[in-house]
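Visitor: Kindly return the folded structure for what I paste below:
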Amino acid sequence: MHIGLGLYRHMLNAEYFSFAQQIGCSHLIIHLADYYSHQVVTATDEKHNYGESRKDDEIWNDEYLLSLKELASRFGLTIYGIENFNPVDWYDVLLDGPRKEEQMAHLKEIIRMVGRVGIKSFGYNFSIAGVWGHQHKHVARGGAESVCFDASVLNIDAPIPNGQIWNMTYDSSTSEGFIPPVSSEELWRRYEWFLKEILPVAEKSGVEMALHPDDPPMPCLRQAARLVYQPELYQRVIEIDSSPANKFEFCMGSLQEMTHGDIYQVTREYLKQGRISYVHFRNVKGKVPCYDEVFIDEGDIDMYKALRIFAEYDFDGVLIPDHTPLITHGGDPWKAGMAYAVGYMNALVKVIEEG
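Guide: From the prediction side, this is the model:
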């Protein structure tokens, strides 16, 4: 097991790499798509999304990734994975639109590039509505600010405007109107096509395609079905294609928020099948339609018990906190929250390794 940190687009620099090293990380998961420059898991609703997804973003190239790897290595860090495609690069793959073949060719080239530079995993979330509808409240221990979801304060059936996908705007000039409703059968048809196209390229390139479960794990959001909103739906993903490149970005918070399953049994099942690429090791209280993200040691998951299961199966991937409540007393609240979470994770690993 390797303890890592997830860093967003604006954090891909020496300051944050040094921070990751100082708090005891060995690996990084990096985000190239720019959605959290102002607030991590930005509060969104039918009127506010994550902003504009920029076309032809210059950082998606071999040279930039190699320079990032070299910079990370100066701080003793390995870049294990990249998380999420840029929405502007695959909106018609998600929407089954006229440019899906062209966009799929571009996604394949991205995966080839990731393989060329020696990055092992590519996380993604096959979703129309994306990560949507969260609020920020002071609900974690001591009144710390954290991310919450409460469907009762949202219009969860609000249609998605044309020109938007994955909670971002890819075309601000699009005429008025909304994306048509998407059924579960239609979403799975589109996803099966995506897997059949991308997995052979990923397998040949030595890259694991790591699917994130739905966040929030509602069966339908904004008139669009969700893909993996219950843990057993991960099994359906495996049954579509058993390629060794078909893996999971195993978000324990999202899985715990689901109404089915036992998080420890679910963890054991997918470890047994060798399907977990990397882990979002975070804790929550509650389940959909209402839950709060909390500190790693105060939620519904016994994180020590969970980590022992990963150790039992000799998991050799990376665990990151993903996001955590903000510690607001002095300094940088995000860094303080992450330092607490990573310190706790490293302590658990040490206790387990020493028996």
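Visitor: Do I have it right that S184 meets V228?
Guide: No. Under the criterion of Cβ atoms under 8 Å, S184 makes no contact with V228, lying 11.4 Å away. Every residue, glycine included, has its C-beta placed from N, CA and C.
Visitor: Show me the shaky parts of the stretch 151-300 of the chain.
Guide: For the stretch 151-300 of the chain, applying pLDDT under 70 flags the ranges 175.
Visitor: those strands in it, which residues are they?
Guide: Assigned by DSSP state E, counting those that start in this stretch, the strands in the stretch 151-300 of the chain fall at 164-165, 168-169, 208-211, 220-221, 224-225, 246-251, 276-280, 283-287, 290-294.
Visitor: Mind giving me the packing neighbours of the fifth one?
Guide: Applying 3 or more Cβ pairs under 8 Å, 6 or more residues apart in numbering; DSSP states H and E, one finds that strand 224-225 makes contact with helix 184-205.
Visitor: can you give me the offset of the helix it packs on from its chain's centre?
Guide: Centre-to-centre, helix 184-205 and its host chain are 18 Å apart (Cα atoms, centre = their mean, to the nearest Å).
Visitor: who does it touch, helix- and strand-wise?
Guide: Applying 3+ Cβ pairs under 8 Å, 6+ apart, one finds that helix 184-205 makes contact with helix 91-95, helix 100-116, strand 208-211, strand 224-225, helix 233-240.
Visitor: Okay, buried residues for that helix please.
Guide: For helix 184-205, burial by neighbour count (16 or more other Cβ atoms under 10 Å) applies to 187-188, 190-191, 194-195, 197-199, 201-203, 205.
Visitor: Nearest to the spatial middle of the chain, which residue is it?
Guide: H212 (5.4 Å; Cα atoms, centre = their mean).
Visitor: Now for it: which residues touch it?
Guide: The neighbours of H212, taking Cβ atoms under 8 Å, 6 or more residues apart in numbering as the test, are 83, 123-125, 248-249, 251, 254, 280.
Visitor: With A210 instead?
Guide: Counting by Cβ under 8 Å, 6+ apart, A210 touches 81, 121-124, 247-249, 277-278.
Visitor: Okay, and the beta partners of it?
Guide: On the basis of DSSP bridges, A210 is bridged to G123, K247.
Visitor: Please verify my assumption that W132 contacts C220.
Guide: No. W132 is not in contact with C220 according to Cβ under 8 Å; the separation is 12.0 Å.
Visitor: Looking only at neighbour counts, state which of those two leads.
Guide: Per other Cβ atoms under 10 Å, whichever of W132 and C220 has more neighbours is W132, with 26 against 17.
Visitor: For burial, what's the neighbour tally of the closest residue to the more buried one other than its chain neighbours?
Guide: Leaving aside its sequence neighbours, W132 sits nearest to N167 (Cβ to Cβ, 6 or more residues apart in numbering; 4.8 Å). Other residues lying near N167 total 25 when counted by other Cβ under 10 Å.
Visitor: if I look at G177, how far off is S127?
Guide: Applying Cβ to Cβ, to the nearest Å, the value for G177 to S127 is 20 Å.
Visitor: Compare those two (neighbour count), which wins?
Guide: S127 (24 against 10).
Visitor: Phi and psi next, for the more buried one.
Guide: The phi/psi pair for S127 (degrees, to the nearest 10) reads phi -150, psi 140.
Visitor: Also the one 10 residues further on?
Guide: Dihedral pair for K137: phi -140, psi 160, per degrees, to the nearest 10.
Visitor: Could you do the one 3 residues further on as well?
Guide: The phi and psi values for A140, taken as degrees, to the nearest 10, are phi -80, psi 170.
Visitor: nearest residue to it other than its sequence neighbours?
Guide: With sequence-adjacent residues excluded and distances taken as Cβ to Cβ, 6+ apart, A140 is closest to P325, at 3.6 Å.
Visitor: Repeat that for Q230.
Guide: Using Cβ to Cβ, 6+ apart and skipping the chain neighbours, the partner closest in space to Q230 is H260 (4.4 Å).
Visitor: quick one, what contacts that neighbour?
Guide: Contact analysis of H260 by Cβ under 8 Å, 6+ apart lists 230-232.
Visitor: any idea of the mean pLDDT in the host helix or strand of V139?
Guide: Element membership of V139, judged by DSSP states H and E, is strand 134-140. Taken as a whole, strand 134-140 has a mean pLDDT of 95.
Visitor: Just want the angle from that strand to strand 290-294.
Guide: Counting by axes from the mean of the first three to the mean of the last three Cα atoms, to 10 degrees, strand 134-140 points 60 degrees away from the direction of strand 290-294.
Visitor: ok, now which ones touch Y270?
Guide: By Cβ under 8 Å, 6+ apart, the residues touching Y270 are 234, 248, 250, 276.
Visitor: K247 versus that one, what's the distance?
Guide: Y270 sits 9 Å away from K247, going by Cβ to Cβ.
Visitor: Next, show the common contact partners of the two.
Guide: Jointly contacting Y270 and K247 under the rule Cβ under 8 Å, 6+ apart are I276.
Visitor: can you put the buried residues of helix 184-205 in TSV and add distance to D34?
Guide: Listed next are the buried residues of helix 184-205 as TSV, based on distance: Cβ to Cβ, whole Å:
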residue	distance to D34
L187	26
W188	29
R190	25
Y191	25
F194	23
L195	26
E197	26
I198	23
L199	27
V201	25
A202	24
E203	29
S205	24
